[in-house]
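In: Here's a sequence, model it:
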Amino acid sequence: MRILVTGGGGFLGTHIIQELLKNPTYLVTNFSRHTYAHLEDIAVPTIKGDLTNKADIDRALVQGFDVVFHVAALAGVWGKYETYENINVKGTENLLEIAQKYGVKKFIYTSSPSVVFGKDDLLGVDETTPYPEEYLTPYAETKAQAEKLVLATNSEAFLTCALRPHLIWGPGDPHLFPRVIQKGREGKLRIVGDGENLVDIIYVENAAVAHVQAFEKLTVGSAVCGQAYFIGQERPVKLWDFINQILGYVKVEPVMNSIDVSRAYRLGWVLEKVWKILGVQKPEPPMTRFVALNLGKSHYFSHAKAKRDFGYNPKISIEEGLKRTFSNRTV
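Out: All right, here's what the predicted structure looks like:
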């Protein structure tokens, strides 16, 4: 079985590839804008290309693939809507169109729980939760649009599903933990709210396994077809306790000062206006409305549907994941 993974050189994409390679009948190829030495080391070829360029995708998929894992995306909390739309929505549209053109049978999409995040707490909700009427960041809005496209395209000839991993972390994490640690070292972190908000997190290997499990259960007539799934750890964590636990591993002082959610939200609103007036794209504002609510609200989800439909159960616990992450001090 020939499998193409978009964004296979990234953090999650690499782990999905490693999980797929445990099955010797899977022939895996990466599609991304760059080549990666760590993929070359495990004999995984890369087809260089851009999702916004149909010719690049055509040149890749004409080689004949049975399955596409679409992991690549533009993530972030700030930037022009058009930039996110071009990569996350139009890139996904291009991939869906050309995958069907060349007879790809299965399409597994990496989505995000932010597709259902509006302004309210999400307390153990399931996949029946509707998309919000308003999004506070183009990332969440464009990921939602792309997810809708993927799920609507599902048919007996072209099976699709979407997974929504939340706050991915683990050894080699280039984003979440390094960002938290750097801001902690600089004294730029403040507890938003009362510090009691619960959030889902997921160890990267668990997220990768879930993708492969969903793919293997994605067969004609199965419950997985055309469905979206929240995936996370065995339990949600208190966000600020978890952040302080991370900081403790690297001997950074815990976050003690706080700001209430409404004040942080108003500050984010003001800073967004200033950044837009000034036309600033980088760096992002030190606070945005989306970040304020993410840091101060609860957002954790039921994983019962993933457990029922493809047997998802996180095999690496939070405690074991932290031990593995900090054992070689790679973050």
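In: now the helices: where do they sit in the stretch 201-331 of the chain?
Out: Using DSSP state H, counting those that start in this stretch, the helices of the stretch 201-331 of the chain run over residues 204-217, 239-249, 261-278, 289-296, 304-310, 318-327.
In: quick one, which of the ones you listed is nearest to L122?
Out: With respect to L122, and counting by C-beta to C-beta, the nearest of the helices of the stretch 201-331 of the chain is helix 289-296 at 10.5 Å. (Glycine included, C-beta is placed from N, CA and C.)
In: Show me what that closest one is packed against.
Out: With contacts taken as 3 or more C-beta pairs under 8 Å, 6 or more residues apart in numbering; DSSP states H and E, helix 289-296 sits against strand 191-192, helix 261-278.
In: Could you tell me the angle between the last one and helix 289-296?
Out: Here helix 261-278 runs at an angle of 150 degrees relative to helix 289-296 (axes from the mean of the first three to the mean of the last three C-alpha atoms, to 10 degrees).
In: Can you dump the C-alpha atoms of helix 261-278 in PDB for me?
Out: C-alpha atoms of helix 261-278 as PDB (Å, rounded to 0.1, in the frame of the first residue of the first chain):
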ATOM      1  CA  VAL A 261     -10.100  36.500  31.600                       C
ATOM      2  CA  SER A 262     -12.200  39.600  30.700                       C
ATOM      3  CA  ARG A 263      -9.300  41.900  31.200                       C
ATOM      4  CA  ALA A 264      -7.000  39.700  29.100                       C
ATOM      5  CA  TYR A 265      -9.700  39.500  26.400                       C
ATOM      6  CA  ARG A 266     -10.000  43.300  26.300                       C
ATOM      7  CA  LEU A 267      -6.300  43.700  26.200                       C
ATOM      8  CA  GLY A 268      -6.200  41.300  23.300                       C
ATOM      9  CA  TRP A 269      -8.900  43.200  21.500                       C
ATOM     10  CA  VAL A 270      -6.900  46.500  21.800                       C
ATOM     11  CA  LEU A 271      -3.600  45.000  20.700                       C
ATOM     12  CA  GLU A 272      -5.200  43.300  17.700                       C
ATOM     13  CA  LYS A 273      -6.600  46.700  16.600                       C
ATOM     14  CA  VAL A 274      -3.200  48.400  17.100                       C
ATOM     15  CA  TRP A 275      -1.400  45.600  15.100                       C
ATOM     16  CA  LYS A 276      -3.900  45.900  12.300                       C
ATOM     17  CA  ILE A 277      -3.700  49.600  12.100                       C
ATOM     18  CA  LEU A 278       0.100  49.400  12.000                       C
END
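In: could the helices of the stretch 201-331 of the chain be laid out in CSV, adding distance to W169?
Out: Formatted as CSV, those follow (distance: least, C-beta to C-beta, whole Å):
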stretch, distance to W169
helix 204-217, 7
helix 239-249, 9
helix 261-278, 23
helix 289-296, 15
helix 304-310, 19
helix 318-327, 7
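In: Is Y109 part of a helix or strand, or is it coil?
Out: Following DSSP: H, G, I helix; E, B strand; the rest coil, Y109 is assigned to strand.
In: Surely it and L96 touch.
Out: No: counting by C-beta atoms under 8 Å, Y109 sits too far from L96 to count as a contact (9.2 Å).
In: Give me the more crowded residue out of these two.
Out: Neighbour tally, Y109 and L96, criterion other C-beta atoms under 10 Å: the higher count belongs to Y109, 28 against 23.
In: roughly how far apart are that one and K148?
Out: Here Y109 is placed at a distance of 10 Å from K148 (C-beta to C-beta, to the nearest Å).
In: P178 now?
Out: Counting by C-beta to C-beta, the separation of P178 from K148 is 32 Å.
In: out of those two, which sits in the more crowded spot?
Out: Ranked by neighbour count (other C-beta under 10 Å), P178 and K148 place K148 first, with 17 against 12.
In: did I read that right, the more buried one in a helix?
Out: Yes: secondary structure of K148 (three-state DSSP): part of a helix.
In: Chain neighbours aside, what residue packs nearest to it?
Out: Of all residues not flanking K148 in the chain, Y131 sits nearest, at 7.8 Å (C-beta to C-beta, 6 or more residues apart in numbering).
In: if we can go back for a sec, now do the shared contacts for Y109 and L96.
Out: V150 (C-beta atoms under 8 Å, 6 or more residues apart in numbering).
In: on that earlier part again, show me what contacts the residue nearest to K148?
Out: Contacts of Y131 by C-beta under 8 Å, 6+ apart are V115, V116, A144, K148.
In: Brilliant, that's me finished.
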